[in-house]
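[1] After the sequence you'll find the predicted model.
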Amino acid sequence: MSSRYGNPYAGHGRRSRYLYEHGGRRFDWATYWERRRVEREAASRSRATPDVVPKPAPTVLKVNDVEVDKYLLMNKVAHHTYDFESKELIVRRGQPFEFNITLDRAYNKDTDKIYVEFKTGKYPSPTKGTKIRVELKDKLEDGKWGATFDADSDQKVLRLKVQSACSAPIGYYNMSIITKVKDTDEFSYPYFKRIYFLFNPWCEGDSVYLEGAAEKDEYVLSETGYLWYGSYKQIGSRPWVFGQFEEGVLEAVMYLLQDSKDPVMDRDRGNPVIVARKMSAAVNVQDEGGILHGRWDGEYSDGKRPTFWNGSVAILQQYMKNKEAVKYGQCWVFSGVLTTVLRCLGIPARSVTNFASAHDTDNSMTIDNYFDEEGQPMEHMESDSVWNFHVWNDCWMSRPDLPQGYGGWQAVDATPQETSDGVYQTGPASLNAIKHGKVYLPYDARFVFAEINADRVYWEATEDISLDDYKLTKIRLEKWSIGRYLYTKKIGQHAGIDVKGDYKHPEGSEEERLAVESAVQHGTKPEAYLPDSPFNKDVDFTVETADKIYVGSDFEVEIPMTNRSSEERNVNLFVNIQVCYYTGVLAKRVKTQRVQVKLPPNGHDKGIVKVSVDEYLDKLVDQSAMKIFVLGKVKETFQLLAGQDDFRLRTPSIELSVSKTQLKVDEEFTAKFTLKNPLPRKLTNCEFNLEGAGVRTSMEVKQGDIAPNAEVTKEVKLRAYKAGKRTLVVEFDSDQLSQVHGEVDIEVSK
């Protein structure tokens, strides 16, 4: 019998060539002995030569630590973000920042690869520029993403210098350090704090680059300023705390930018044109996720009066508590908040007040007033209005989407007036395009042009039975009554400057008239510039009031008239004085009076209407504004006269003083403020609102009622928590008196 392994001696008495057979396979002796020989020779060579240990493959670098906080102060100073009340890294795009990484072994530049990766947005993507991976290189390239480094002696601690592109999307990013060896797997070490990237007015490659240190100090870094209000005859200013670096402001702005119901699309966050346009919508509540409710009817019982606010910080902080819009604001509040938002993002911005600001509702580029054949106003035909003042914003940027020459200041407006692309937003509109009547250029140049340079047209409307409509005859064209002044803060000073020249050519100049006529051709009523009606027009008039009329005093309205003919003229005037909201919307009537004026040949005279305090005091609304309408007819020539004017009653100031004007951080001081009631009426629901960037956020001080002509004084203890020049602002508000404020500067050292 053969064994399991076969019979090694089977066959003809000699050794079989088969060692064994198993599972159908045969193993022969020849192969076995050959393998043994090779093994013995290999062992012999090993004994004759030294041992050679194969070099192990390098292991992937691991990151033990990312030290950003070590250079936090240095980076913030270099990037002009030092004043932000935040412990996170805030940098400006296109500019390097530094931090350390500590490795678990020495870095070998021949085999190791180190990348810095940034992600932003819900769905980071390299194609959208929201997922960026940069490899350590020897040097940085201007305007591009990049990273370079210096190493310590043992090559375990690397000091990285990282730079974003000057066109990178702004917003908050997550950062990771990626390591790998050649084609091996990666090791990723995430940095667990956010890093914020802002626009950079200091970087020449950034589209918001602004020359001049004083300009950047004013329009980017300044936390306080002024907003102008009133009428073109009685211009008033009020301090405003923008507070773009205060606690909670950056959080609120980033929420609007990236996380709100209607954020800026990730791919558009690098474009200041789109960002500014979206922020103009985000500040008002008319569209989803807005900050402020606007209200103009005087009913504020479920919120704060617009005149209560003296800064943006309290508004933004309140908004972030529950993501619900704050009640209430009007144009200067919308503008103040938008200035804060834009400066926080790094876009140079200023608040601008337009006095005698037109609201053109029909895109005619004119403001139209209609009267019947008897000289009475036809209010049912009028939809346009002229605001005593309106506050919006200018922001600085290049405009690569427009022809060359239209960069620089751009108008944006957060006050909800008219929709643009279906949203309550306005701008950016190039001021240079507006100045030259190029109203077809985006965005909303037509609307802004009308606000500052529309002509006011008075029409006589006679009923035309055949057309079942009215026949319009132009009575008068006023070329100067809109956009009287455009005020903003003067750089580095507590004063205003008229920037009307940025918006339009000198009034009445050939360039200005060409711009107007060019703009009107793109409007809905070019017939406004057809020849005038054939009536003989030889009587002129104006409306005048005193420069300073304080609330609580009597006043007069004068109507100087001139007869340019060689014959006598008799004029019947109808004068109507009404309280109005600053938007031009009429409230209660103060007085109506008929006045007859006899004008000698080539002579002058005037009509006078006197108004006592008792006639208007109980009828006043916000801003203490009034509008005067003058309608008339010349008896001899049937010339129709129509005109209007507005003014405001001035309010007193608050005397604000401090126990120390120079102090150190966290040193206590006393603020004292005094107000005298100027009215022969009791003031009710009185409160003061105190605020100062770097001193404290909004503090409400309830007062109760103030007796007629009484004086009240309050004192509060405060501490400054931030060094530098600081401005403390106090605002007073009541049912009968508003727009009352005071301010004082203090110098705080470390």
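    Ah, there it is.
[2] Pretty sure residue 203 sits against residue 209.
    Yes. Look at residue 203 against residue 209 with CB atoms under 8 Å: they come within range, at 6.0 Å. For the C-beta atoms, the positions are set from N, CA and C on the backbone; glycine is no exception.
[3] can you map out the helices along the stretch 251-400 of the chain?
    Under the criterion DSSP state H, counting those that start in this stretch, the stretch 251-400 of the chain contains helices at 272-282, 313-322, 331-345.
[4] Quick one: closest of these to residue 603.
    In terms of CB to CB, the element of the helices of the stretch 251-400 of the chain nearest to residue 603 is helix 331-345, at 43.2 Å.
[5] And that closest one, how far out from the chain middle?
    4 Å (CA atoms, centre = their mean, to the nearest Å).
[6] same check, this time on stretch 567-586
    38 Å.
[7] pull the CA atoms of that stretch into PDB?
    Below are the C-alpha coordinates for stretch 567-586, written out as PDB (Å, rounded to 0.1, in the frame of the first residue of the first chain):
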ATOM      1  CA  GLU A 567     -47.900 149.100 -14.300                       C
ATOM      2  CA  GLU A 568     -49.400 148.600 -10.800                       C
ATOM      3  CA  ARG A 569     -50.200 145.000  -9.800                       C
ATOM      4  CA  ASN A 570     -52.700 143.700  -7.200                       C
ATOM      5  CA  VAL A 571     -52.100 140.300  -5.800                       C
ATOM      6  CA  ASN A 572     -54.500 138.100  -3.800                       C
ATOM      7  CA  LEU A 573     -52.600 135.500  -1.700                       C
ATOM      8  CA  PHE A 574     -53.800 132.500   0.100                       C
ATOM      9  CA  VAL A 575     -51.400 131.500   2.800                       C
ATOM     10  CA  ASN A 576     -51.700 128.100   4.500                       C
ATOM     11  CA  ILE A 577     -49.400 127.100   7.400                       C
ATOM     12  CA  GLN A 578     -49.500 123.400   8.500                       C
ATOM     13  CA  VAL A 579     -47.500 121.200  10.900                       C
ATOM     14  CA  CYS A 580     -45.900 118.400   8.900                       C
ATOM     15  CA  TYR A 581     -43.700 115.400   9.400                       C
ATOM     16  CA  TYR A 582     -40.200 115.800   8.100                       C
ATOM     17  CA  THR A 583     -41.200 113.600   5.200                       C
ATOM     18  CA  GLY A 584     -43.500 116.300   3.900                       C
ATOM     19  CA  VAL A 585     -46.600 114.500   5.000                       C
ATOM     20  CA  LEU A 586     -49.100 117.100   6.400                       C
END
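[8] ok, and for that stretch, which residues are buried?
    569, 571, 573-584 (16 or more other CB atoms under 10 Å).
[9] same deal with stretch 207-221?
    Under 16+ other CB under 10 Å, the buried positions of stretch 207-221 are 207-210, 216, 218-221.
[10] Pick out whichever of those residues sits closest to residue 257.
    Using CB to CB, the buried residues of stretch 207-221 come closest to residue 257 at residue 208, 15.0 Å.
[11] Roughly how far does the closest one sit from residue 188?
    The gap separating residue 208 from residue 188 is 33 Å, by CB to CB, to the nearest Å.
[12] cool, residue 677 as well?
    67 Å.
[13] which of the two has more neighbours?
    Neighbours were counted for residue 677 and for residue 188 using other CB atoms under 10 Å; residue 677 has more, 22 against 12.
[14] Identify the spatial nearest neighbour of the more buried one, chain neighbours not counted.
    Spatial nearest neighbour of residue 677, excluding adjacent residues (CB to CB, 6 or more residues apart in numbering): residue 706 at 4.8 Å.
[15] on that earlier part again, quick one: closest of the helices of the stretch 251-400 of the chain to residue 83.
    helix 331-345 (10.9 Å).
[16] could you give the angle of the closest one to helix 313-322?
    80 degrees (axes from the mean of the first three to the mean of the last three CA atoms, to 10 degrees).
[17] Please verify my assumption that residue 302 contacts residue 293.
    No. Using CB under 8 Å, residue 302 is not in contact with residue 293; the gap is 9.6 Å.
[18] Those two: who's more crowded?
    Legend: neighbour count by other CB under 10 Å for residue 302 and residue 293, higher for residue 293 (19 against 9).
[19] ok, residues contacting stretch 198-216?
    79-81, 90-95, 142-143, 166-167, 170, 219-220, 271-272, 344-348, 396-398, 400, 491-492 (CB atoms under 8 Å, 6 or more residues apart in numbering).
[20] give me that answer again for 7 Å
    Under the contact criterion CB atoms under 7 Å, 6 or more residues apart in numbering, stretch 198-216 has outside partners 80, 90, 92-95, 142-143, 166, 170, 219-220, 272, 345-348, 396-398, 491-492.
[21] In strands, which of those fall?
    Of the contacts of stretch 198-216, the ones assigned to strands by DSSP state E are 90, 92, 396-397.
[22] Can you tell me which of the residues you listed lies closest to residue 545?
    After measuring these against residue 545 - CB to CB - the closest member comes out as residue 396, at 37.2 Å.
[23] count of neighbours near the closest one?
    25.
[24] for residue 720, same thing?
    Once other CB under 10 Å is used to define contacts, residue 720 is seen to have 24 neighbours.
[25] show me the contacts for it.
    Going by CB under 7 Å, 6+ apart, the list of residues near residue 720 reads 663, 665, 694-695, 726, 746, 748.
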